[in-house]
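Q: Here's a sequence, model it:
(2 chains)
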Amino acid sequence: MANLILYVLAFLLLGFSFWKDKKKTMLSLKKAWKSFENILPQLLMIMLLVGVLLAVLDAQVISQVVGADSGWFGVVLGAVVGAVVLIPGFIAFQTAGMLLEAGAGYMQIGAFVSTLMMVGVITIPVEIKYFGKKITVWRNVLAFFFSFLVAFIIGTVVG
Amino acid sequence: MRTILKRYRGFLIVLTGFVILYLVNHTLGEKAAQISVYSIKEMLLVLPPIFILLGLLDVWVPREIMIKYMGKGSGLKGIVLAFLIGSAAAGPLYGAFPVAAVLMKKGVKFSNVLIFIGAWSTTKIPMLLFEASALGMKFALTRLIVDIPGIILIAWILSKLISEKEVKQIYQNAESMAK
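A: Sure, this is the predicted structure:
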């Protein structure tokens, strides 16, 4: 749905741009393609790694690790798993919902969801390409530790 | 041809590992292949509009305007805009990096670029709806309320950790990436 809106918006603007100035529009498309092709090799590699990772770490395995009575150990594991895996789009929340139903605790799921979104170990090569090593490493480390605060507050408020 | 091979070297190495995995363990290999194909499909579905918009932004929006609204001295206005642009996005975090490169090229302040990245990663509006339906409104709202100051805090710490010179290097690199 959100994706559809983006498509409509992109094509409306593209049409408008084309009507205003054909040359500029062609240039913008060329830039779009170049930016895409620029990260394509890394993205393809990442998608293969994601496949292997998620084949090993499926919902059952994760829910065993982050059960409601797994305490802070479960929070840490949930955070680590979330930091490492890259779950495409909306499936992430469905998975998290499934984990809750399968007996995971709110605090553990809070950590998992937070690092899942903020930390991207597997996409670090792409991030370094744009932001350099220092910012990339620090951003991921800070986001990782921040996620424990998120987990704690979610565990207190929701759990 | 040679440069293509060099650029796709990492991909080819992982692909080889993939084939070996399949030969060693059929079930696991098949499951992994399924997930990978799905992820690649999702990537190809999500990315095109992002890159089209990025190209249009690059060509049509003048640098002066971006500097005025999100550059040095843009203050609260710049922060709010960075949040809004990042939150309106759909798609995984890796889609945010090329957009960030264009923002840098257009003279957006570094801390605002970092806020944009933070917002893209955690406060995407379309994702919040999914989160609320899967994990409950209370969960989604609590996370949102904690994440907004968190994103600003992380952006602030990161921009303090890095020197003027390093920021300049990152901007030069972004310039060459988003040519």
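
Q: what about the residue nearest to residue B:136 when sequence neighbours are not counted, neighbour count?
A: Nearest non-adjacent residue to residue B:136, counting by CB to CB, 6 or more residues apart in numbering or on different chains: residue A:158, 7.0 Å away. Yep, even glycine has a C-beta here, placed from its N, CA and C like the rest. By other CB atoms under 10 Å in any protein chain shown, the residues close to residue A:158 number 19.

Q: what about residue B:38, how many neighbours?
A: Neighbours of residue B:38 (other CB under 10 Å): 16.

Q: Kindly indicate whether it is helix, strand or coil.
A: helix (DSSP: H, G, I helix; E, B strand; the rest coil).

Q: give the contact list for the residue nearest to residue B:136.
A: The contact partners of residue A:158, by CB atoms under 8 Å, 6 or more residues apart in numbering or on different chains, come to A:106, A:110, B:136, B:138, B:139, B:142.

Q: What helix or strand is the fourth one located in?
A: Just to be clear, that refers to residue B:138. Element membership of residue B:138, judged by DSSP states H and E, is helix B:137-161.

Q: now for that helix, which elements pack on it?
A: Judged by 3 or more CB pairs under 8 Å, 6 or more residues apart in numbering or on different chains; DSSP states H and E, the packing partners of helix B:137-161 are helix A:106-118, helix A:124-157, helix B:75-87, helix B:110-122, helix B:125-135.

Q: need these in CSV with mean neighbour count, distance to residue B:38 and mean pLDDT, can you?
A: Shown next, in CSV, are the helices and strands packed on helix B:137-161 (neighbours: other CB atoms under 10 Å in any protein chain shown; distance: least, CB to CB, whole Å; pLDDT from 0 to 100):
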stretch, mean neighbour count, distance to residue B:38, mean pLDDT
helix A:106-118, 29, 17, 93
helix A:124-157, 19, 19, 96
helix B:75-87, 18, 26, 94
helix B:110-122, 26, 22, 95
helix B:125-135, 19, 17, 84
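
Q: quick check: domain ranges of chain B?
A: Under the assignment automatic domain parsing, the domains of chain B span B:1-46, B:61-177.

Q: tell me the pLDDT at residue B:179?
A: The per-residue pLDDT reported for residue B:179 equals 68.

Q: and what of residue A:2?
A: With respect to pLDDT, residue A:2 has a value of 69.

Q: Over to residue A:89?
A: pLDDT at residue A:89 comes out at 60.

Q: Likewise for the one 4 residues further on?
A: The per-residue pLDDT reported for residue A:93 equals 84.

Q: What number of residues are in the vicinity of it?
A: 23.

Q: need the contact list for it.
A: Here residue A:93 is in contact with A:113, B:127, B:130, B:131, B:133, B:134, B:135 (CB under 8 Å, 6+ apart).
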